[in-house]
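Novice: next one to model:
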Amino acid sequence: MIFTIHIGDWSGDGHGRCETFHVETNASIEEVREAYFRARAKLPEHLCPENFMNAYEDRSLPVEAWRDALEAGFDFFEDFEEFNYEPDLDYDVSPHILFKYVMWFIQQGDPNLSLREIAPTPSLSFFGVDSQNRHINFIGYGLFGGS
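Specialist: Down below sits the predicted model:
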C-alpha cells in the first residue's frame with residue numbers, strides 16, 4: 001500500500017505551505033495509524049511529532065526532543081559530521097528530516113512495519129511544453145476560487 005505523510009499545513013487553513021512525502025508499506029493505513037497511536041502512548045509526549053515545530057515559523061528543534069530522540073535511536077543530525085548540539089543555538093530541521101523522524105516514530109509503535117519512502121507519482125499536468133510543443137494546463141482551477 002502507498003500513503004502520504006504531509007509536513008506542514010496539509011489542510012490549507014493556515015499558511016498553506018506543505019511538503020508531501022510518499023511511503024510504501026506492508027500494512028493498511030489503519031494499521032499504520034494504530035502504530036502511530038501506540039508510539040504516542042509509549043514514548044514521552046514531547047517526542048510526538050505533533051508536539052514540536054507546530055507553530056507558524058517554529059523551525060527549531062527543542063533540545064529535549066533532540067536529546068531524547070537520540071537516546072531512543074533517532075539522530076536528527078546524522079548527516080552532519082562531528083555534530084555537537086549547543087542548546088543555546090537554534091537548529092532548523094528540514095521537512096525531509098522531520099518526515100524521516102515521523103517514519104521512525106511510527107515504527108516505535110510497530111517495529112515490524114515496513115516503511116519506505118518512494119518517489120512521488122508523476123502529474124498529468126506539467127509546466128512548459130513537451131518535445132512536440134504541447135502542454136496540459138490546470139484542470140478545474142475555477143472550482144477552488146471565490147465565494
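
Novice: give me the pLDDT for the nearest residue to F3 once chain neighbours are set aside.
Specialist: Computed as C-beta to C-beta, 6 or more residues apart in numbering, the closest residue to F3 that is not its neighbour in sequence is I29, at 5.2 Å. Quick note: C-beta positions are derived from backbone N, CA and C, even for glycine. Looking at I29, its pLDDT is 97.

Novice: now the helices for this protein?
Specialist: Per DSSP state H, the chain carries helices over the ranges 29-42, 63-72, 95-109.

Novice: what's the last one packed up against?
Specialist: Contact here means 3 or more C-beta pairs under 8 Å, 6 or more residues apart in numbering; DSSP states H and E; on that basis helix 95-109 packs against strand 2-8, strand 18-25, helix 29-42, strand 115-118.

Novice: buried residues, that helix. List them.
Specialist: 95, 97-109 (16 or more other C-beta atoms under 10 Å).

Novice: of the residues you listed, which is the nearest to A69?
Specialist: For the buried residues of helix 95-109, the closest approach to A69 (C-beta to C-beta) belongs to Y101, at 7.0 Å.

Novice: name the nearest residue to N51, ignoring sequence neighbours.
Specialist: In space, N51 is closest to E45, 6.1 Å off (C-beta to C-beta, 6+ apart).

Novice: tally of neighbours for that neighbour?
Specialist: 9 (other C-beta atoms under 10 Å).
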